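[1] Got a sequence here, can you model it:
(3 chains)
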Amino acid sequence: MLSKSQYIRGLQCHKSLWLLKHRPELRAKPDAEEQALFDTGNTVGDLACQLFPGGVEIKFDPQSFDDMIEQTRQLIADGVEVIYEAAFKQNGIFAMADILVKNGDVWDVYEVKSSTSVKGYHYNDAAVQWVALSEVLTLGRIHIVHLNNQYIRQGELDIQQLFTIDDITANVLTLVDGVPEYLAEMEAMLKADEPQILIGTHCDDPHSCDFKSHCWQDVPDVSVFNLYRMNAAKKFDLYHRGIVQYTDIPSTEPLSSVQRIQVETASSGQPLIQPQIVKDFVDDLTYPLHFFDFETFMEAIPRFDGQKPFMQMPFQYSLHILHENGELIHKEYLGDEFSDPRPDLVVQMIQDLGEQGSIIAFNQSFEISRIKELARDFKDYKPGLLELIPRFKDLIVPFRNLGYYHPDFNGSFSIKSLLPAMFPNDPELDYKQLDIQNGGMAMDAFANLSRLKDPDHRDTIRQALLDYCRLDTLAMVRIYQSLHKI
DNA sequence: CCCATGCTGTTTAATCTGAA
DNA sequence: TTCAGATTAAACAGCATGGG
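    This next block holds a predicted model:
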């Protein structure tokens, strides 16, 4: 008996399903931070239930699915017309329907997703749901309930506005006929030996597989999979033709300029330096240099007025100001976790950034987008905010343009790739020393800060946030200084 | 999970060429 | 002058990458 989620997993890759059943110990430990970051499903599901009030909820209990199924059966028999988390074991599959609503003689199904649109894989999900339920109930329509990221909170949450309901019945009905066949295929596969399925795009699409580290253990750290901006299908084509290492690549293979440099520097072990490209970047900067970086949080359900679902909310920045005489000054802002951090941030940011000198960000489109949003939402400061935008310079540019390429970048121009390659063994610039090591962790830490009861604990985390963000801009300063020396 | 950007590959439109 | 066929340019879509 498969569950719906197992079936969906099996659609993506049979081997993954087989491993889950027979070799669960090979599953990667769920990455704690990754796990927490977008674990909003429960909250979203509970809120969506309010769209159909007055129903009865089946309590989820992984130990006793049979009880849940029996409760569901009983509720239906009793004439209850709205059921949350209704459980079914039917047609060879165990499935739970987020919301079931009696509509005359038929039942309508609502699947709640915390995404902001209907995704391709939602159809398969719903098709299994349909197959599991249709034996027991006469079904009417099936819908995806998802978030509406255009909804702007003002005062109390408006549940109707927060969600969008899409009827996907027509799409689902084209898929249901195929479900029993796939199901039988999977049941048979699970009884047989481990399926021999090669690595492929299914390892990450539509979801990243928990067994990837197992299936990918023979792929070296430096391989064709690190070739910059190469289409994934093309990478797998190379790999399956036995072209794994750069030295395997035939000279006839067309490569982009970056890819060619990757291959060449990997074999020489020497970085590539094109001084003119670096000089063009450095000469374009105006002192004092403002190295600037935002941290933002993002949540499915907006907490504050003016906030939309998944909106990037700036709550912190770090700013290193480097003067022409070498003087380096650090400024920072970290908002209060109990209220909208943006209003105070805007005021201090405009003051700290002054009126003169380049503003340097890494991948500036992120910072510029946030500033444009702040200008839109805080009209009083709109001119001051918009004036900042033309001062921006992007520190990633000289690298992407191959002014400096180190083989240890391994095909990535992210700041977290550049830093250890350019400053190995420099404890001052080592993110691994920090409690918060990347933007995702920062985002999660702040979003959850207000829920922590212990003020000392909150202070510890606030200090970790300050340390992290400070290092981001200090890293930019050091990178700039090393470019300047070229 | 979201979004902006910029690269890549493909499709469509525009332009050029050479032979009738 | 005309037009098929070839070549080049522009437009578009999809994907990869970066940030959080």
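[2] Excluding residues flanking it in the chain, which one is nearest A:Met186?
    Among residues not flanking A:Met186 along the chain, A:Gly10 sits closest, at 4.5 Å (Cβ to Cβ, 6 or more residues apart in numbering). C-beta coordinates here come from the backbone N, C-alpha and C atoms, glycine included.
[3] would you list every one of the strands in the stretch 1-150 of chain A?
    For the stretch 1-150 of chain A, strands defined by DSSP state E, counting those that start in this stretch occupy the ranges A:2-3, A:56-57, A:82-90, A:93-103, A:106-112, A:139-147.
[4] helices or strands up against the first one?
    The criterion is 3 or more Cβ pairs under 8 Å, 6 or more residues apart in numbering; DSSP states H and E, and the helices and strands that strand A:2-3 contacts are strand A:93-103, helix A:179-191.
[5] Tell me the residues of the stretch 251-400 of chain A that contact DNA strand C?
    A:293-296, A:298, A:312, A:362-363, A:365-366, A:396 (Cβ under 7 Å from any atom of the strand).
[6] In terms of pLDDT, where does the spatially closest residue to A:Gly335 that is not a sequence neighbour sit?
    Distances taken as Cβ to Cβ, 6+ apart place A:Pro341 nearest to A:Gly335, at 2.2 Å, with adjacent residues excluded. A:Pro341 carries a pLDDT value of 95.
[7] what's around A:Pro341, how many residues?
    A:Pro341 has 21 neighbours, counted by other Cβ atoms under 10 Å.
[8] ok, it touching A:Arg303?
    No: counting by Cβ atoms under 8 Å, A:Pro341 does not reach A:Arg303; the two are 11.1 Å apart.
[9] which residues touch the residue nearest to A:Gly335?
    A:313-316, A:335 (Cβ atoms under 8 Å, 6 or more residues apart in numbering).
[10] Among the residues you listed, which one is most surrounded by other residues?
    If you count neighbours using other Cβ under 10 Å, the busiest of the contacts of A:Pro341 is A:Met313, which has 27 neighbours.
[11] surely that one meets A:Gly306?
    No: applying Cβ under 8 Å as the test, A:Met313 and A:Gly306 come out as separate, 9.6 Å apart.
[12] Spit out the residues that contact those two alike.
    Shared contacts of A:Met313 and A:Gly306, counting by Cβ under 8 Å, 6+ apart, come down to A:Asp340.
[13] so where's chain A shaky on pLDDT?
    A:29-41 (pLDDT under 70).
[14] Map the structural domains onto the sequence of it.
    A:2-190, A:219-267, A:278-485 (automatic domain parsing).
[15] Make a markdown table out of the ones you listed and add distance to A:Cys209.
    Shown next, in a markdown table, are the domains of chain A (distance: least, Cβ to Cβ, whole Å):
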| stretch | distance to A:Cys209 |
| --- | --- |
| domain A:2-190 | 5 |
| domain A:219-267 | 14 |
| domain A:278-485 | 19 |
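[16] Go through those domains and name the closest to A:Asp204.
    Closest approach to A:Asp204 among these (Cβ to Cβ): domain A:219-267, 7.7 Å.
[17] now that closest one: how far from the chain's centre is it?
    In terms of Cα atoms, centre = their mean, to the nearest Å, the centre of domain A:219-267 is found 26 Å from the chain centre.
[18] Do that domain and DNA strand B come into contact?
    Yes: contact of domain A:219-267 with DNA strand B (Cβ under 7 Å from any atom of the strand) involves A:229, A:231, A:234, A:256, A:258.
[19] pretty sure the third one belongs to a helix, no?
    Yes: secondary structure of A:Lys234 (DSSP: H, G, I helix; E, B strand; the rest coil): part of a helix.
[20] Residues of the stretch 51-200 of chain A that sit close to DNA strand B?
    So the stretch 51-200 of chain A meets DNA strand B at A:113-117, A:119, A:147, A:149 (Cβ under 7 Å from any atom of the strand).
[21] how close does A:Lys372 get to A:Leu26?
    46 Å (Cβ to Cβ, to the nearest Å).
[22] mind checking how far the closest residue to A:Ile93 other than its chain neighbours is from DNA strand B?
    In space, and not counting its chain neighbours, A:Ile93 is closest to A:Ala132: 4.6 Å by Cβ to Cβ, 6+ apart. According to Cβ to the nearest atom of the strand, to the nearest Å, A:Ala132 stands 21 Å off from DNA strand B.
[23] Can you report how many residues neighbour A:Gly242?
    With other Cβ under 10 Å as criterion, A:Gly242 counts 7.
[24] which ones are touching it?
    A:Gly242 neighbours (Cβ under 8 Å, 6+ apart): A:Asp248.
[25] Which secondary structure state is assigned to it?
    Counting by three-state DSSP, the backbone at A:Gly242 sits in coil.
[26] now swap in A:Glu355 and tell me
    coil.
[27] Near the residue nearest to it when sequence neighbours are not counted, how many other residues are there?
    In space, and not counting its chain neighbours, A:Glu355 is closest to A:Glu387: 7.6 Å by Cβ to Cβ, 6+ apart. Here the number of neighbours of A:Glu387 (other Cβ under 10 Å) works out to 14.
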